[in-house]
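Asker: Predicted model and sequence follow; I will ask about them next.
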Amino acid sequence: MQSRKVRYEIILGLTLLMVSSLAILWVYKIVFEAPEVGALDRGDMKQWSMVLILLSITTLFMGSVSGYLIGKYLHVKP
């Protein structure tokens, strides 16, 4: 039962990570690209760097949260 719970926590953590990354990209596309469509396709490095910064912050946050949850259920200090 304990291993099944840990497995669910791992799956939940990975799912939250993917959903949050997609949500960040979606919000970025709506907020920063509303006036002109396809600005990201032109290869504007400033926008790509903003996307990568937002994704890295989200990845670090969600990775630490999922790592904490996994460590809590495995009784290992994160």
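Answerer: Received it, and whenever you're ready, just let me know what you need. Treat the numbers as computed from the prediction; the structure is a model and nothing was measured.

Asker: give the contact list for residue 9.
Answerer: Residue 9 makes contact with 66, 69, 70, 73 under the criterion CB atoms under 8 Å, 6 or more residues apart in numbering. Just so you know, the C-beta spots here come from the backbone N, C-alpha and C atoms, and that holds for glycine as well.

Asker: What does residue 12 show for phi and psi?
Answerer: Torsion angles at residue 12 (phi, psi; degrees, to the nearest 10) stand at phi -60, psi -40.

Asker: So which of the contacts of residue 9 sit within helices?
Answerer: Assignment to helices by DSSP state H places the following of those there: 66, 69, 70, 73.

Asker: Tell me the most packed of these, by neighbour count.
Answerer: residue 66 (20 neighbours; other CB atoms under 10 Å).

Asker: isn't that one right next to residue 15, touching?
Answerer: No. Between residue 66 and residue 15 there is no contact under CB atoms under 8 Å: 9.5 Å.

Asker: Give the phi and psi angles for residue 54, as a check.
Answerer: With angles defined as degrees, to the nearest 10, residue 54 sits at phi -60, psi -40.

Asker: count of residues packed around it?
Answerer: Residue neighbour count, defined by other CB under 10 Å, stands at 15 for residue 54.

Asker: same question, residue 49
Answerer: Using other CB under 10 Å, the number of residues around residue 49 comes to 10.

Asker: what ranges do the helices span in the chain?
Answerer: Using DSSP H, the helices of the chain run over 2-32, 45-74.

Asker: Please produce JSON lines containing the ones you listed, extended by mean pLDDT.
Answerer: JSON lines is the format used below for the helices of the chain (pLDDT from 0 to 100):
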{"stretch": "helix 2-32", "mean pLDDT": "74"}
{"stretch": "helix 45-74", "mean pLDDT": "76"}
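
Asker: if we can go back for a sec, which of the ones in helices among the contacts of residue 9 lies closest to residue 3?
Answerer: Using CB to CB, residue 73 comes nearest to residue 3 of these, at 9.6 Å.

Asker: isn't the closest one right next to residue 5, touching?
Answerer: Yes. Using CB under 8 Å, residue 73 makes contact with residue 5 at a distance of 6.0 Å.
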